[in-house]
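Chemist: Make a model of this:
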Amino acid sequence: MKRSYAIALAGVMTALSVIFLMLAVYFPTGNLACYALTSVCLIPALSMRSRWSALLTYAATALLGLFTGQIAAVLAYVLCFGLYPFVVKLTEKWPPLLSFAVKLIYFNGMIVLCYYAAAELLTEALLALPLWALCLAGSAVFAVFDFLFLRIMQKAPAFLERFLKK
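Modeler: Down below sits the predicted model:
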């Protein structure tokens, strides 16, 4: 990928990520979906093998997210949803069961961290649940998210190659 394409892609994906991050901050009913979409915004750069572009998108989104004034919301992006595509890319060549186990441990570790360190991220209804129930329910939702995320990541290179050739 040409350097100018990588920079432009990082700019566009940063803009989309910041929009989804703002939506997650200001519309709390769909915040997990918006956070998931911030993860999806890193896929084009990672699938085109432009890790610097993906890192630039991640860092710029985190810095611009600080302008929301919601440090806890940006923390969710920085620790969990922004890093998740990099974890997926790191474990993609591993055996599928081991890869899923590592991602599940990472996800549950972030749930525990958010549960204790940043309780503001979780609604009061979720805080009323015991931590084990939250991890169990979260793991089920994570399994679906991981499945969909991997499918998008598999289809992205062909789509982007066709799109960028025009």
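Chemist: Would you map the helices across this protein?
Modeler: Listed from the start of the chain, the chain has helices (DSSP state H) covering 3-26, 31-40, 43-47, 51-65, 71-76, 84-91, 96-117, 124-128, 131-164.
Chemist: what's the spacing between the last one and its chain's center?
Modeler: Looking back up the chat, that one is helix 131-164. Counting by C-alpha atoms, centre = their mean, to the nearest Å, helix 131-164 is centred 9 Å from the centre of its parent chain.
Chemist: What residues of that helix count as buried?
Modeler: Leu134, Cys135, Gly138, Phe142, Phe145, Asp146, Phe149, Leu150, Met153, Ala156, Leu160 (16 or more other C-beta atoms under 10 Å). Every residue, glycine included, has its C-beta placed from N, CA and C.
Chemist: Include pLDDT when you put the residues you listed into TSV, please.
Modeler: As requested, the buried residues of helix 131-164 are arranged in TSV below (pLDDT from 0 to 100):
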residue	pLDDT
Leu134	78
Cys135	84
Gly138	84
Phe142	90
Phe145	91
Asp146	92
Phe149	92
Leu150	91
Met153	89
Ala156	86
Leu160	77
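Chemist: Make CSV out of those residues and add distance to Thr29.
Modeler: As requested, those are arranged in CSV below (distance: C-beta to C-beta, whole Å):
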residue, distance to Thr29
Leu134, 18
Cys135, 22
Gly138, 18
Phe142, 20
Phe145, 18
Asp146, 23
Phe149, 22
Leu150, 27
Met153, 27
Ala156, 28
Leu160, 31
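Chemist: Tell me the one of those residues nearest Leu63?
Modeler: Of all the buried residues of helix 131-164, Leu63 sits closest to Phe149, with 24.1 Å by C-beta to C-beta.
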